[in-house]
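>>> here are the coordinates; sequence isn't available:
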């Protein structure tokens, strides 16, 4: 049996920025440096790293919001850089994303129902079809009763509920891939647990693949099948999540593990 | 970017770290009072402005009703003085000046509002195209905007008006031509900001077309700012119309305030006393509209930009004369009893802290843990003496190192702030003053107890101790990493040798490794300086590893307290257990996570019974009626009648 083709394939992708430091002096910052990565259908891959590791740039590259300087980003076998604008838009409708900040990622003037329906509206679904899909999506993320939740505005919801709305929006059009950029880092632990559970449930139910970006190794290990540890734009370690946590090979991974475990004597002062 | 730029009151709260000398503390109060006054006056002025402008609009609208004469009609003899028939007299050809004033308002206002509308619509379109699509289009458009803004616009208007000739349409066109650039520039910067907003990026990422993103996500959010720009533009347009007409470049066949002035000037109104009713009224009318629009404009701007809105909080009254007493060495660094803190929010009163007792021993770290809204930050601010209105200490008794302070209000703690108790506030590393090197800022804090030379010696010593290399002491905050800035903030807090350090989420917002380093630093300082540390955090696993004692808060109460090792090994309160179960374990088995269902109770109403019972899996009947007390043995106390059946009635 041949393995299913990967949903997402990054092939030695690099992205540089020119940053202006002082007058005339220009420095190049390599945000993502030769990163290769594949994501299979229904697989959850965690991208772990500290700030400046290039995690967010990686997300933007995957979504086609930025073009790589070198290398290729392939979604379902098609190179995003070779696509025309309209084709890229069509591809984007098959992936979705969830952001870190549930207070910013939802339009404050739109009702929950409209927010969740937006991917369908973008795709051009008829209004009648949308209603049922939105109700189902809201029920799936346990925002019930869906009818009354749909009429609320984001500011009437708690942080955890907003993140559920964001997840419902991400899932409503049944994407093949969801990019989740630190979706729980601003939530309280008791709320965060619910979101992580939902991510797993969505994967199991709809076979959606996730790229889960986080700085929290414990969260990454818990939610993902495979883990990619990044530092300064490069991948320093990759492997099955349990292996990375229990048998790290890179010094940097060991340092991250010690710091997250609170083993302070192993952390330099 | 930092707090310091936007909110002087809060920055003052953050930078002196446990407050500057008492003599400085009134500054934030004064700033607050001043802020409040401008906030209230802003709204009042807005209403006054609306009334002024409204009156002019009404005069324009009802001109035919208010005056029996037409503006061009010869109503009487020339140069009549004001009388009941002609309230403002007549001009040189016997036209009624009052009628002219009313009808003139029509043209002046139509031109002003029309030109402003065109300018803002064009400006918005330019802003949207330039800000959203960027690229060469933006470069070209914004260079044109720069060019327009560079011209002295009165000159430009005159040239254009002379070129295009006279008439209502051309006047509107000419004025709009010089006015669109400013809204374009201001709105573009807003569009640039919104463009990166998560919900806009989300819409783009889901494949929405540019038009949809602009229409659904950007336009509604720049509308308030555009409204403010419209009022400003109308203001300038009124003046420009009058200037043009006065220079004879208006439409001479129609009456506007500008043309009245033009004819008054041309026909020698100034040679007689006729100017009093010929020149003065349109002049005053112009002033009224311009002032009114300016008032409305600033009110609309305040409404459109929440940052300009001032909090209407009541300032704390200041008292002086609290006396510092020497403390006992073995007394706890902090002891708080029966603390009750309320926030007045609109009409409701939220009791954020409801009867909390806690002690921080010297040389020990008490981890105060809870989720958002539990009241932990309020306790930190109260203990450090920086709680601000609308927060109010209702009851409580505080002592620092054995010295009784009494009810821990801001003024009561003022003599101790910075000396005996110091605060590392939330996100303090972003609140350093960007304009000074860090050493300067630490020295400033040290001047509270030392002269300049000694302050500098001590500051350098401490900066080095917290891990800032001497070569970096003169660095500006932006040249340092977040971890280094946080170290500098900790040095600043400790520079006057306090017994108690209150650290509110000192490591959140930092990277994993840096966070561990900062926490390690705190444990080292605890031992070296015999420092008592009140460590406030939401991160239970991390805190339980570095703290000596733990106190877990829920909805304004401490629900469990004890030695950290004991509490984390055998948590008793269902909430503590739920909280430990909610964090995924790094290396242990991948057990299912325990999300806590439901929401925190509304603290503006006094909850009955146990506050956690609605979310608790173990609740029994008695939980609804009994308010559980915090009690226990061996220093491990829990507030739960299920865990302590003897508490049941």
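Yep, it's here. In this text, all values refer to a predicted model and were calculated from it rather than measured experimentally. Numbering: from 1, shown residues only, chains lettered A, B, ... in the order given.
>>> how many neighbours does residue B:426 have?
19 (other Cβ atoms under 10 Å in any protein chain shown). Bear in mind the C-beta positions are built from the backbone N, C-alpha and C, glycine included.
>>> host element of residue B:351?
Here residue B:351, judged by DSSP states H and E, is contained in strand B:348-360.
>>> now residue B:60
Counting by DSSP H and E, residue B:60 is part of helix B:26-61.
>>> could you list the low-confidence segments of the stretch 51-200 of chain A?
Nowhere does the stretch 51-200 of chain A drop to pLDDT under 70.
>>> for it, which residues are neighbours of chain B?
By Cβ under 8 Å from any Cβ of the partner chain, the residues of the stretch 51-200 of chain A that approach chain B are A:51, A:63, A:65, A:88-93, A:95-97, A:99-101, A:104-107, A:109-110, A:118-119, A:122-123, A:158-159, A:166, A:169, A:173, A:188-194, A:196-197.
>>> which among the residues you listed count as buried?
With burial judged by 16 or more other Cβ atoms under 10 Å in any protein chain shown, the buried subset of these is A:63, A:88-89, A:91-93, A:95-97, A:99-101, A:104-107, A:110, A:118-119, A:122-123, A:158-159, A:166, A:169, A:173, A:188-194, A:196-197.
>>> picking that back up, in strands, which of the residues of the stretch 51-200 of chain A next to chain B appear?
When these are checked against strands (DSSP state E), the matches are A:95, A:96, A:97.
>>> got the phi and psi for the residue lying closest to the first one once chain neighbours are set aside?
In this case it means residue A:95. Closest residue in space to residue A:95, ignoring its immediate chain neighbours: residue A:177 at 4.2 Å, by Cβ to Cβ, 6 or more residues apart in numbering or on different chains. In terms of degrees, to the nearest 10, the main-chain angles of residue A:177 are phi -140, psi 130.
>>> report the beta-bridge partners for residue A:177.
Here residue A:177 sits in beta bridges with residue A:95, residue A:209, as judged by DSSP bridges.
>>> kindly report the same for residue B:339.
In this structure, residue B:339 bridges to residue B:356 when assessed by DSSP bridges.
>>> give the contact list for it.
Residue B:339 sits next to B:353, B:355, B:356, B:357, B:379, B:382, B:393, B:395, B:396, B:398, B:408 when contact means Cβ atoms under 8 Å, 6 or more residues apart in numbering or on different chains.
>>> show me how to select, in ChimeraX, the buried members of those.
In ChimeraX syntax, the buried subset of the contacts of residue B:339 is picked out as below (16+ other Cβ under 10 Å):
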select /B:353,355,356,357,379,382,393,396,398,408
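>>> which one of the contacts of residue B:339 is nearest to chain A?
residue B:379 (17.4 Å; Cβ to the nearest Cβ).
>>> mind listing the strands for chain B?
Counting by DSSP E, the strands of chain B are B:334-345, B:348-360, B:365-369, B:391-400, B:403-406, B:421-424, B:500-504, B:532-537, B:549-554, B:557-563, B:631-633, B:636-638.
>>> adding distance to residue B:199 and mean pLDDT, write those out as JSON lines.
Shown next, in JSON lines, are those (distance: least, Cβ to Cβ, whole Å; pLDDT from 0 to 100):
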{"stretch": "strand B:334-345", "distance to residue B:199": "27", "mean pLDDT": "90"}
{"stretch": "strand B:348-360", "distance to residue B:199": "29", "mean pLDDT": "90"}
{"stretch": "strand B:365-369", "distance to residue B:199": "32", "mean pLDDT": "95"}
{"stretch": "strand B:391-400", "distance to residue B:199": "32", "mean pLDDT": "90"}
{"stretch": "strand B:403-406", "distance to residue B:199": "47", "mean pLDDT": "86"}
{"stretch": "strand B:421-424", "distance to residue B:199": "33", "mean pLDDT": "89"}
{"stretch": "strand B:500-504", "distance to residue B:199": "30", "mean pLDDT": "92"}
{"stretch": "strand B:532-537", "distance to residue B:199": "30", "mean pLDDT": "94"}
{"stretch": "strand B:549-554", "distance to residue B:199": "32", "mean pLDDT": "94"}
{"stretch": "strand B:557-563", "distance to residue B:199": "37", "mean pLDDT": "93"}
{"stretch": "strand B:631-633", "distance to residue B:199": "48", "mean pLDDT": "80"}
{"stretch": "strand B:636-638", "distance to residue B:199": "43", "mean pLDDT": "90"}
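>>> get me the contact residues on the stretch 201-350 of chain B for chain A.
Within reach of chain A by Cβ under 8 Å from any Cβ, the stretch 201-350 of chain B has these residues: B:201-209, B:212, B:216-217, B:220-221.
>>> now with 7 Å?
Applying Cβ under 7 Å from any Cβ of the partner chain, one finds that the stretch 201-350 of chain B approaches chain A through B:201, B:202, B:203, B:204, B:205, B:206, B:207, B:208, B:212, B:217, B:220.
>>> do the stretch 351-500 of chain B as well
Near chain A, when you scan the stretch 351-500 of chain B using Cβ under 7 Å from any Cβ, you find B:371, B:372, B:467.
>>> any idea which of the residues you listed is closest to chain A?
If you rank those by distance to chain A using Cβ to the nearest Cβ, residue B:371 comes first, at 4.0 Å.
>>> the closest one touches residue B:537, doesn't it?
No - with contact defined as Cβ atoms under 7 Å, residue B:371 does not count as touching residue B:537 (10.6 Å).
>>> would you map the helices across the stretch 201-350 of chain B?
All helices of the stretch 201-350 of chain B, identified by DSSP state H, counting those that start in this stretch, fall at B:210-212, B:219-246, B:257-266, B:275-278, B:280-304.
>>> next one: chain A
A:55-62, A:85-92, A:112-123, A:127-140, A:146-150, A:159-171, A:189-206, A:217-223, A:241-246, A:251-261 (DSSP state H).
>>> again, but for the stretch 501-649 of chain B
Under DSSP H, counting those that start in this stretch, the stretch 501-649 of chain B gives helices at B:512-529, B:540-546, B:564-569, B:574-582.
>>> could I get these as TSV with mean neighbour count, mean pLDDT and distance to chain A?
Below are those laid out as TSV (neighbours: other Cβ atoms under 10 Å in any protein chain shown; pLDDT from 0 to 100; distance: least, Cβ to the nearest Cβ, whole Å):
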stretch	mean neighbour count	mean pLDDT	distance to chain A
helix B:512-529	20	90	4
helix B:540-546	22	89	4
helix B:564-569	18	91	11
helix B:574-582	22	89	4
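>>> wait, residue B:579 sits on residue A:192?
No - here residue B:579 does not reach residue A:192: they are 11.1 Å apart, not a contact under Cβ under 7 Å.
>>> wait, residue B:442 sits on residue B:494?
No - counting by Cβ under 7 Å, residue B:442 stays clear of residue B:494, with 9.6 Å between them.
>>> of these two, which one has the most company?
Just comparing residue B:442 and residue B:494: by other Cβ under 10 Å the higher neighbour count belongs to residue B:442, 30 against 24.
>>> check contacts around that one.
Residue B:442 makes contacts with B:459, B:463, B:488, B:491, B:492, B:495, as judged by Cβ atoms under 7 Å, 6 or more residues apart in numbering or on different chains.
>>> ok, it to residue B:273 distance?
71 Å (Cβ to Cβ, to the nearest Å).
>>> ok, now residue B:302?
43 Å.
>>> neighbour count winner among these two?
Neighbours were counted for residue B:302 and for residue B:273 using other Cβ under 10 Å; residue B:302 has more, 20 against 10.
>>> residues near residue B:59, how many?
Neighbour tally, residue B:59, other Cβ under 10 Å: 20.
>>> so what's the closest residue to residue A:267 other than its chain neighbours up against?
Nearest residue to residue A:267, sequence neighbours excluded (Cβ to Cβ, 6+ apart): residue B:516, at 4.5 Å. Listed by Cβ under 7 Å, 6+ apart, the contact set of residue B:516 reads A:259, A:262, A:264, A:267.
>>> need the contact list for the last one.
I take that to be residue A:267. Residue A:267 sits next to A:258, A:259, B:513, B:516, B:517, B:520 when contact means Cβ under 7 Å, 6+ apart.
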